[in-house]
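# generate a structure from the sequence data that follows.
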Amino acid sequence: MRRRVVITGVGAVSGFGVGLPALWAGLVEGRSALRRLGLFDASGFPWRLGAEAAGFSARDHVPKHYRKAVKVMARDTELAVAAAGCAVADAGLVTRVTAEDGTPTTYPGERLGCQIGAGLIAAEVGELAAAFSTAVVAGGGRTNGKEDWGGFDLRAWGTVKEAGGGGGMENLPPLWMLKYLPNMLACHVTILHGAEGPSNTITCSESSGLLSIGESVRVIERDDADACFSGGAESKLNPMGVLRIGLAGRLAETGDVEDGAAFVRPFDTEGTGTLLGEGGGVLILEEREAASRRGARAYAEVVGFGASHSPARWSGMDGPPAAVGDGADEGVRDAILNALDDAAIGPGEIDAIVVGGLGVPRVDAGEAGALREVFGDRLGGIELVTTKPAIGDSMAGEGALLAAAGAACVREQRLPARLHAGRPAEGLRAGRAESRAAALRHVLVCTPSLFGQVGAVVLRRADGG
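Numbers count the residues shown, from 1 in each chain. Next comes the predicted model:
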């Protein structure tokens with residue numbers, strides 16, 4: 001008999017602020033955190049809106065003795081550290097960083113694991129520019145018989161003296177590389193909280209958080225740990241991050257319009273694209289009996305996990321919407337079926353679905369097609385939970401934020417409000433709606449991702465409903 005896993009703590013950072021209460025309140029009240037970007041001047045881009053965690057600093061979420069380490073944290077890592085701290089407090093855990101003198105930790109370090117999703121962390125423009133400026137050469141001369149146009153010179157940037165290098169790259173800050181490695185999110189969380197059990201970093205864009213949850217579930221099931229940090233975080237609200245996703249054809253061109261929710265319209269065939277948010281979620285997963293013995297209150301039980309990969313990749317707005325068949329994304333379909341099989345339930349037992357709902361027609365068409373294949377005619381009666389018009393797409397943090405919202409739905413027996421400024425495809429309950437109470441025993445959380453990886457989890461009401 002496999003060990004059972006419950007969610008006992010949820011930490012979140014989003015455009016609504018720090019902590020699950022801030023995220024849940026924003027979703028229930030039907031607000032949108034998508035507004036004009038302030039982390040950098042985006043006036044030169046056609047994509048000028050996003051959901052920032054305004055005023056956020058990791059220094060407010062680490063002990064004094066660890067604040068120097070914030071200097072070598074990228075913003076993605078800061079988000080993960082803050083979310084993990086919130087999750088620990090929410091779960092009532094005692095870890096290395098929260099233990100007072102002589103107070104034992106809830107779990108020995110070797111029984112506490114950590115799986116956190118991460119993205120391609122963009123280097124800060126200011127740091128790069130300061131180093132690049134030392135490798136700029138004057139024009140007007142000739143090099144190897146060719147006119148020297150001046151500007152940035154790779155030889156001046158390099159460090160090989162025989163090739164004429166001037167060592168400009170040596171002017172990058174010390175430990176620069178350690179700031180931008182994807183595994184630094186899990187690294188700082190494990191150091192702070194003394195998690196010495198199995199640890200992993202999953203880099204699969206939007207599906208990273210759900211895949212990390214699945215990994216943590218398997219770690220606990222096979223008795224390699226009693227509890228795990230699990231989730232993901234990312235911030236692409238920087239010049240390189242926005243440019244990458246914009247050039248991939250995913251972002252809505254906003255111009256000077258201020259209302260982000262007017263652009264992001266999940267499952268709308270006339271949608272113009274999505275917008276980015278920053279943030280992430282970290283959930284505390286525990287073996288059910290261990291959590292019960294310490295008197296922890298569970299949000300939900302994770303009863304099913306599935307993963308797959310879409311056979312056709314797409315990123316932008318153009319081209320065929322279908323991966324296979326009549327528009328269904330085969331990866332989404334198979335991940336959901338795998339999760340249902342793992343939970344030993346059928347499609348008829350799902351009460352609500354927390355979906356990707358990106359707002360990019362090609363991607364949404366594939367997701368909608370997959371949902372239709374799995375749920376058939378019943379899909380039109382299943383409530384969908386959509387978050388992108390409220391907090392944008394936080395990429396590697398997205399799956400964990402969806403799971404956080406799903407866990408809150410199950411615990412509160414309530415569906416959040418839905419924002420929608422357009423008209424979703426027929427047969428999908430994705431249009432504008434107010435928050436409402438709902439009987440939720442099983443909630444499915446799933447999302448496709450930029451490069452085709454898909455994760456899905458089934459959450460069950462912890463008391464069985």
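
# ok now stretch 282-301, how far from the chain's centre?
22 Å (C-alpha atoms, centre = their mean, to the nearest Å).

# send the alpha carbons of it over as CSV?
Written as CSV, here are the backbone C-alpha positions of stretch 282-301 (Å, rounded to 0.1, in the frame of the first residue of the first chain):
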residue,chain,number,x,y,z
VAL,A,282,5.8,26.5,-2.8
LEU,A,283,3.7,23.8,-1.2
ILE,A,284,4.5,21.6,1.7
LEU,A,285,3.7,18.0,0.9
GLU,A,286,3.6,15.6,3.8
GLU,A,287,3.0,11.9,4.3
ARG,A,288,-0.6,11.8,5.6
GLU,A,289,-0.1,9.9,8.8
ALA,A,290,2.9,11.9,9.8
ALA,A,291,1.0,15.1,9.2
SER,A,292,-2.0,13.8,11.2
ARG,A,293,0.2,12.8,14.2
ARG,A,294,1.5,16.4,14.5
GLY,A,295,-2.0,17.8,14.2
ALA,A,296,-1.5,19.5,10.8
ARG,A,297,-4.6,20.6,8.9
ALA,A,298,-4.5,19.5,5.3
TYR,A,299,-5.7,21.6,2.3
ALA,A,300,-6.2,18.6,0.2
GLU,A,301,-4.8,15.1,-0.6
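
# report the buried residues of that stretch.
By 16 or more other C-beta atoms under 10 Å, the buried positions in stretch 282-301 come out as 282-288, 290-291, 296, 298-301. To be clear about C-beta, it is placed using only N, CA and C from the backbone, and glycine gets the same treatment.

# same deal with stretch 332-352?
Buried-residue list, stretch 332-352, by 16+ other C-beta under 10 Å: 332-340, 342-343, 345, 347, 350-352.

# hang on, the earlier thing: tabulate the buried residues of stretch 282-301 (CSV), appending distance to residue 154 and pLDDT.
Below are the buried residues of stretch 282-301 laid out as CSV (distance: C-beta to C-beta, whole Å; pLDDT from 0 to 100):
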residue, distance to residue 154, pLDDT
282, 40, 98
283, 45, 98
284, 47, 98
285, 47, 98
286, 52, 98
287, 54, 98
288, 57, 97
290, 56, 97
291, 55, 98
296, 56, 97
298, 56, 97
299, 52, 98
300, 53, 98
301, 55, 98
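
# sorry, back to before: closest to residue 14 among the buried residues of stretch 332-352?
residue 352 (20.0 Å; C-beta to C-beta).

# in strands, which of the buried residues of stretch 332-352 fall?
residue 352 (DSSP state E).

# which residue is nearest the middle of this protein?
residue 397 (1.2 Å; C-alpha atoms, centre = their mean).

# now that one: phi and psi?
When quoted as degrees, to the nearest 10, the phi and psi of residue 397 stand at phi -90, psi -10.

# now it, nearest residue through space, not along the chain?
Here the nearest residue to residue 397 in space, its sequence neighbours aside, is residue 280; by C-beta to C-beta, 6 or more residues apart in numbering that works out to 3.1 Å.

# so what sits opposite that neighbour in the bridge?
residue 13, residue 233 (DSSP bridges).

# need the distance between the two termini of stretch 179-195.
20 Å (C-alpha to C-alpha, to the nearest Å).

# before we move on, the earlier item: which one of the buried residues of stretch 332-352 is nearest to residue 263?
Taking C-beta to C-beta as the measure, residue 263 lies nearest residue 332 of the buried residues of stretch 332-352, at 23.4 Å.

# skipping its backbone neighbours, what lies nearest the closest one in space?
residue 370 (3.7 Å).

# please verify my assumption that the one you found contacts residue 328.
Yes - the criterion here is C-beta atoms under 8 Å, and residue 370 meets it with residue 328 at 4.7 Å.

# when these two are compared, which one has more neighbours?
Looking at residue 370 and residue 328 with other C-beta atoms under 10 Å, you find the greater number of neighbours at residue 370, namely 29 against 22.

# confirm that that one sits in a helix.
Yes - under DSSP: H, G, I helix; E, B strand; the rest coil, residue 370 falls within a helix.

# what about the longest helix in this structure?
helix 75-91 (DSSP state H).
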